Each structure stands twice: as C-alpha cells, then as structure tokens.
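Asker: Sequence first, then the predicted structure, then my questions.
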Amino acid sequence: MWLDHTIVPVTDARTSANLLAAILDLATPVDAGPFVQARVGEHTTLDFVSTDRREPHHYAFRLSAPELDAALARLVAMAVPYGSGPASGWDSRCYEENGDRGVYFRDPSGHVYELITKLAVSGT
C-alpha cells in the first residue's frame, strides 16, 4: 500500500508545483485535468489546484543527507526563506532533534514544507 496522491489547494498551481519541484529536484510538474502534478515518489504525486481558498497545510519529506544538503543549497540560491521551525521564524538555520536534522520553508500559499534526514550516528 502507498499514498497515490493528495490535493494541495494553492493560489497558483503552476507556481507552487514548480517551486517544490525546483527545491526537491523533481521532474517538471505536468498538467492533469485541473491539477498540476508534482511526482514526489515512485507512486505518489502532489496534485496542486488553484483556488481562492487559503488553508495552509504541512507536508514533510524524508530525504537522504545529500538530498537535504542539495535542497538546502537550492533554497539559499533561490532566496527562499527557511528556518529551524515555525516557532523560530525563518532563521536560516536547520534544527537537530530526536536524531533528525531538518529545515522548514513556505510556499506562496502559506503551506509549510519540512525536509528531514537522519543525523549520522558516530561509532564508539
């Protein structure tokens, strides 16, 4: 079993789908009826749909450490505000907590995305 897709309501489907694809280095989003689909896994798409309704959601992605580092570099290069957590504001820092390292960023519709990786475990 896997999640096939979820609908992401945004103010501009193309802009939000392209932003996520650029940060996560995904394939170019495609039109699918009223949606702009961004493939985020082998079987899963986020189906962005333009709407006037604003209802921010949270989406978290588990990445490898190199994938997180590359996504963070793209956030910096694209001047997208990011931070260690919504409570910390967009402080341009990553968090380290419970064996994870991660970062948050927002899209133009207010959705908060979290990118997470496992911290390296050092041997003794």
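Answerer: Alright, I've got the coordinates.
Asker: Chain neighbours aside, what residue packs nearest to Gln37?
Answerer: Excluding the flanking residues, the one nearest Gln37 by CB to CB, 6 or more residues apart in numbering is Thr45, at 4.4 Å. Yep, even glycine has a C-beta here, placed from its N, CA and C like the rest.
Asker: cool, Arg14 as well?
Answerer: Nearest one to Arg14, counting by CB to CB, 6+ apart, is Val36 at 5.4 Å.
Asker: helix, strand or coil for Glu114?
Answerer: Here Glu114 takes the strand state, with states given by DSSP: H, G, I helix; E, B strand; the rest coil.
Asker: Count the neighbours of it for me.
Answerer: 17 (other CB atoms under 10 Å).
Asker: Spatially nearest residue to it, not counting backbone neighbours?
Answerer: That would be Ala60: by CB to CB, 6+ apart, it lies 4.1 Å from Glu114.
Asker: What residues of the helix or strand that that neighbour is a member of count as buried?
Answerer: For Ala60, the element it lies in under DSSP states H and E is strand 58-62. Residues of strand 58-62 classed as buried: Phe61 (neighbour count, 16 or more other CB atoms under 10 Å).
Asker: mind listing what that strand pairs with, with the direction of each?
Answerer: If you go by DSSP bridges, strand 58-62 pairs up with strand 112-118 (parallel).
Asker: rewinding a little: quickly note the distance from the residue nearest to Arg14 to Ser50.
Answerer: The spacing between Val36 and Ser50, counted by CB to CB, to the nearest Å, is 8 Å.
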